[in-house]
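1. give the three-dimensional model of this entry:
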Amino acid sequence: MKNLSIEYAHIYTNDKIGEEHELSLKVLDELQKEDAALVIMVDDYSFPDPEFNYGELFGWLSERGHKPDLMIRESQLIPLCDEVLKFIEDKKLKEEIAGYVRAKKYPCSLFIATWYLLRLGKIESTLFPKDLVAEKLVNILPESFKPFEEKGIEIIRSTKFADSADKIEWKYFEGRKI
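-> Presented below is the predicted three-dimensional model:
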């Protein structure tokens, strides 16, 4: 088990590597990375683009000394999102999210909760190696993601893993306007 799991350089598949990702690396440089797993979430669900070049992203990060231990696509988490949805104890919240999934698609907040519970080892998947599970999480994200992150934490707090929310922190930077 790692001491820390750090998410950085979050990117959408319809986006290009740019200033926001450079800012993320600057924040990463300020963190203590000893005994830490470096992980990347590529959002291929919200704005899918089959032309996205994963190798280019991996190479760009590696060239800058920030080679990720794991790069995962958000869409890969869908089966795990269904699992997390079952863990939600707040009936109103659970129905709100389930209704959204039925009517539209999986909400960002459910992906967030699932991703964090996976990294903390509260749920398991062959997609996420056990040796990358960590005791604490740090997420380096644009400030504009904060409302979605807060909703993700609300979901975690409404499960049997509620105390896991206290093991998560953020390093926000000015960036993407949603």
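2. can we go C-alpha only for contacts and neighbour counts from here?
-> Will do.
3. which SS class is Lys171?
-> strand (DSSP: H, G, I helix; E, B strand; the rest coil).
4. gap between the closest residue to it other than its chain neighbours and Asp166?
-> Nearest non-adjacent residue to Lys171, counting by C-alpha to C-alpha, 6 or more residues apart in numbering: Ile140, 4.8 Å away. Distance, Ile140 to Asp166, by C-alpha to C-alpha, to the nearest Å: 17 Å.
5. out of those two, which sits in the busier spot?
-> Using other C-alpha atoms under 10 Å as the criterion, Ile140 and Asp166 rank with Ile140 on top: 23 against 11.
6. any idea of the pLDDT on the more buried one?
-> As predicted, Ile140 sits at a pLDDT of 97.
7. contact partners for it?
-> Ile6, Glu7, Tyr8, Ala9, Ser24, Val27, Leu28, Trp170, Lys171, Tyr172, Phe173 (C-alpha atoms under 8 Å, 6 or more residues apart in numbering).
8. can you give me how far the helix or strand hosting the residue nearest to Lys171 is from the chain middle?
-> With secondary structure defined by DSSP states H and E, Ile140 is part of strand 134-142. The chain centre lies 8 Å from the centre of strand 134-142; the measure is C-alpha atoms, centre = their mean, to the nearest Å.
9. let's verify Ser164: helix, strand, or coil?
-> Secondary structure for Ser164, judged by three-state DSSP, is helix.
10. picking that back up, out of the contacts of Ile140, who's nearest Glu95?
-> Distance to Glu95, by C-alpha to C-alpha, is smallest for Trp170 among those, at 27.9 Å.
11. list the contacts for the residue lying closest to the closest one once chain neighbours are set aside?
-> Sequence neighbours aside, Asn139 is the residue nearest to Trp170 in space, at 4.7 Å (criterion: C-alpha to C-alpha, 6+ apart). The neighbours of Asn139, taking C-alpha under 8 Å, 6+ apart as the test, are Ile6, Glu7, Tyr8, Ile168, Glu169, Trp170, Lys171, Tyr172.
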